[in-house]
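A.B. asks: what follows is a predicted structure for the sequence shown.
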Amino acid sequence: MYAAGPVRPAPRDIAPRPAGRVSGPLPWLTVVALVLVAVQLTFVVPGSGLSWDETVYVSQAGGNAPPAFFSAPRARGITYLVAPAAAFTASTTVLRIFLTLLSAGGLVLALWIWRTVLPTPVLVGAGALFAGLWPTLFYGPAAMPNLWCALGALAATGWVARALGGGTGRGAGRAEAIGAGAAVALVALMRPSDGFWLAMPLALAVVLLPGRRLPGMCAALVTGLVAGCVPWAAEAYAHYGGLGARLHRAGEIQGGLGWNIAVDDHLRALAGRTLCRPCDIGWENPATALWWAALPLLVIGGIRAARRAGRGATALLATATGIAMAVPYLFLVGYAAPRFLLPAYALLAVPAAECLARLFARTRSARRPVGVALLALALAAHLTVQLSVLSHVVRTSRATTTEFAAVARALDGAGVRPPCVVSGDQAVPVAYYAGCASRQTDGHDASTTPEALLAAARRLPTAVLVAEGDGPPAFADGLPGIPLPPGRGAGAGHAYLLPGPAQGRTAASGKSG
């Protein structure tokens with residue numbers, strides 16, 4: 001059903017491909033990427049601000065404030081990625097546009113790698129399915145690592161699929177091994193744990209698949225994993241007392257890693273919760289998770305369709321790797337964030353696209369316009385739901401970052417201006433918006449002591465933020481509190497100015513008034 005011209009002898013790959021298909025997918029994939037860019041530039045980028053996590057990553061490379069404390073679970077891959085834009089300008093819009101274009105190009109490249117083992121309809125369908133999910137649309141312009149883990153996982157699996165179909169001669173698979181190793185290194189650089197869960201099933205496939213064992217590819221995957229983890233491991237010994245100590249601390253910050261069934265948490269988070277921790281909310285809109293029920297059926301159907309077309313091993317490889325990358329977030333982490341599953345969605349989109357391509361081809365060849373219309377209607381409904389959730393997430397995100405900016409302006413009016421220090425509730429993002437350094441005396445981001453903070457206040461304007469209903473910490477007790485703008489999160493509460501330049505500026509402002 002995919003033939004286009006005379007068929008040449010099939011190459012030694014997992015699935016024979018029609019002649020002339022090597023460059024065929026590129027224009028169609030480019031169209032998918034352009035639509036993705038258009039949606040993001042229209043609905044996501046305008047008026048957006050940096051979230052809490054983004055301010056941490058961006059501040060390491062420049063941006064609007066000194067580097068924020070870098071906690072144990074974080075890796076610096078996304079900081080390296082945004083560095084060209086963040087070092088050049090503090091403009092969030094410029095950074096968003098840079099990441100939008102970069103991620104769209106990355107999606108085209110990751111799918112193009114599969115061109116020798118998958119036909120154009122499947123490649124384009126997989127790209128459209130993944131690009132149409134609201135987490136993909138929302139995190140494409142974001143300074144967050146998860147989408148890049150997804151693109152790296154898609155690329156690595158594509159290289160392995162090509163190698164498994166290319167024979168086992170001495171020179172076979174060298175380019176594929178280099179590509180797969182580089183893609184795994186990218187994922188590990190972004191999130192070392194994701195790199196492990198990606199490399200593991202791929203390495204098992206290339207050493208256990210009968211008749212297609214590729215020890216060189218296995219070595220490349222392991223080398224890529226180690227290379228990507230080197231910066232994280234080196235930082236562990238430099239700042240955390242060793243690799244074991246950093247792993248232990250990372251587990252503590254993430255609530256402890258162990259058997260935690262979070263499937264229901266992820267279902268509820270699909271309604272538009274970017275972070276569900278703790279996920280003790282009701283199931284606000286079950287319709288937003290209906291596609292989860294369809295996904296296993298599409299994957300199973302896609303594997304069957306791929307087997308009939310001679311591409312069964314490719315579909316199984318993508319499915320197994322996608323499931324492996326979902327396992328830790330569904331069963332080992334006690335909270336949910338839709339972005340965690342982006343690598344799994346990217347890989348499962350491959351067999352799902354196989355199924356849909358087969359369904360469309362069968363209904364069209366059987367001249368059943370009603371069937372084609374029903375399939376198109378189901379996909380249109382799915383995209384409508386995704387865009388609706390995206391709209392909700394964008395509004396919520398803008399409201400939160402607007403509150404951060406409002407608190408920063410209130411601090412500026414109170415005399416807390418760069419160079420300055422902010423501590424306390426929501427201090428990390430508020431400090432970024434205020435152009436200050438963030439320093440915490442307790443919690444996950446603890447990086448100083450009350451004594452050191454008081455000493456710093458004698459030199460720099462220093463504010464301690466306290467949430468509404470809470471009292472100031474002991475070292476700020478007795479100080480007058482400055483009301484902060486009301487809001488859902490950071491806007492609520494008071495700021496306490498520690499003795500030093502900030503209090504002097506506030507007193508002078510009061511006298512002049």
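C.D. replies: In hand now; what should we look at?
A.B. asks: what sits closest to the residue nearest the centre of the chain if chain neighbours are left out?
C.D. replies: Centroid-nearest residue in the chain, with Cα atoms, centre = their mean: Asn146, separated by 2.0 Å. Among residues not flanking Asn146 along the chain, Arg339 sits closest, at 4.0 Å (Cβ to Cβ, 6 or more residues apart in numbering). Just so you know, the C-beta spots here come from the backbone N, C-alpha and C atoms, and that holds for glycine as well.
A.B. asks: do the same with Val32
C.D. replies: That would be Gly127: by Cβ to Cβ, 6+ apart, it lies 4.4 Å from Val32.
A.B. asks: domain-wise, how is the protein divided?
C.D. replies: Partitioning the chain according to automatic domain parsing yields domains covering residues 25-44+91-365, 397-512.
A.B. asks: CSV for these, including distance to Pro66 and mean pLDDT?
C.D. replies: CSV is the format used below for the domains of the chain (distance: least, Cβ to Cβ, whole Å; pLDDT from 0 to 100):
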stretch, distance to Pro66, mean pLDDT
domain 25-44+91-365, 17, 93
domain 397-512, 4, 87
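A.B. asks: tell me how far the helix or strand Val350 falls within lies from the chain's centre.
C.D. replies: Remark: Val350 resides in helix 342-365, with elements defined by DSSP states H and E. Relative to the mean C-alpha coordinate of its chain, helix 342-365 is positioned 23 Å out (Cα atoms, centre = their mean, to the nearest Å).
A.B. asks: report the buried residues of stretch 102-120.
C.D. replies: Residues of stretch 102-120 classed as buried: 102-104, 106-108, 110-120 (neighbour count, 16 or more other Cβ atoms under 10 Å).
A.B. asks: go on, stretch 428-446?
C.D. replies: Neighbour-count burial for stretch 428-446 [16+ other Cβ under 10 Å]: 428-441, 445.
A.B. asks: just to revisit the earlier point, against Leu202, how distant is the residue nearest to Val32?
C.D. replies: Going from Gly127 to Leu202 by Cβ to Cβ, to the nearest Å gives 21 Å.
A.B. asks: ok, now Trp159?
C.D. replies: Per Cβ to Cβ, Trp159 is found 9 Å from Leu202.
A.B. asks: and for the two, which residues touch both?
C.D. replies: Common neighbours of Trp159 and Leu202, using Cβ atoms under 8 Å, 6 or more residues apart in numbering, are Ala180.
A.B. asks: hmm, back to that, let me see the backbone angles for the residue nearest to the centre of the chain.
C.D. replies: With angles defined as degrees, to the nearest 10, Asn146 sits at phi -70, psi -40.
A.B. asks: just Thr462 next, same as before
C.D. replies: Phi and psi for Thr462, reported as degrees, to the nearest 10, are phi -130, psi 130.
A.B. asks: coming back round to it: same for the helix holding Val350, what does it pack against?
C.D. replies: helix 120-131, helix 134-139, helix 146-164, helix 290-308, helix 312-331, helix 369-413 (3 or more Cβ pairs under 8 Å, 6 or more residues apart in numbering; DSSP states H and E).
A.B. asks: compute the inter-axis angle for it and helix 312-331.
C.D. replies: 140 degrees (axes from the mean of the first three to the mean of the last three Cα atoms, to 10 degrees).
A.B. asks: tell me the buried residues in helix 342-365?
C.D. replies: When neighbours are counted by 16+ other Cβ under 10 Å, the buried residues of helix 342-365 are found to be 342-360, 363.
A.B. asks: circling back: identify whichever of the domains of the chain lies nearest to Gly63.
C.D. replies: The minimum distance between Gly63 and the domains of the chain falls on domain 397-512, with 6.9 Å, by Cβ to Cβ.
A.B. asks: how far is the closest one from where the chain is centred?
C.D. replies: Once both centres are worked out by Cα atoms, centre = their mean, domain 397-512 turns out to sit 30 Å from its chain's centre.
A.B. asks: circling back: ok, which of the helices and strands packed on helix 342-365 comes nearest Ser48?
C.D. replies: Checking those against Ser48 by Cβ to Cβ gives helix 369-413 as the closest, at 6.3 Å.
A.B. asks: which SSE is immediately downstream of the closest one?
C.D. replies: Once helix 369-413 ends, the next helix or strand along the chain (criterion: DSSP H and E) is strand 421-424.
A.B. asks: what's that next one packed up against?
C.D. replies: helix 427-434, strand 437-438, helix 450-457, strand 462-466.
A.B. asks: sheet partners, orientation included, of it?
C.D. replies: According to DSSP bridges, strand 421-424 forms sheet pairs with strand 437-438 (parallel), strand 462-466 (parallel).
A.B. asks: quick one on the thing from earlier: surely the residue nearest to Asn146 and Cys276 touch.
C.D. replies: No: contact criterion Cβ atoms under 8 Å: Arg339 and Cys276 do not qualify, at 11.3 Å.
A.B. asks: neighbour-wise, which of these two wins?
C.D. replies: Remark: of Arg339 and Cys276, Arg339 carries more neighbours, 23 against 20, as counted by other Cβ atoms under 10 Å.
A.B. asks: correct me if wrong, but that one is in a helix.
C.D. replies: Yes: membership of Arg339 in a helix is supported by DSSP: H, G, I helix; E, B strand; the rest coil.
A.B. asks: name all residues that make contact with it.
C.D. replies: Counting by Cβ under 8 Å, 6+ apart, Arg339 makes contact with 135, 139, 144, 146-147, 274.
A.B. asks: can you tell me how far it is from Thr223?
C.D. replies: 28 Å.
A.B. asks: equivalent analysis for Pro201, please.
C.D. replies: Taking Cβ to Cβ, one finds Pro201 at 17 Å from Thr223.
A.B. asks: which one's more surrounded, the two?
C.D. replies: Pro201 (21 against 17).
A.B. asks: just list the residues touching the more buried one, thanks.
C.D. replies: Contacts of Pro201 (Cβ under 8 Å, 6+ apart): 320-321, 324.
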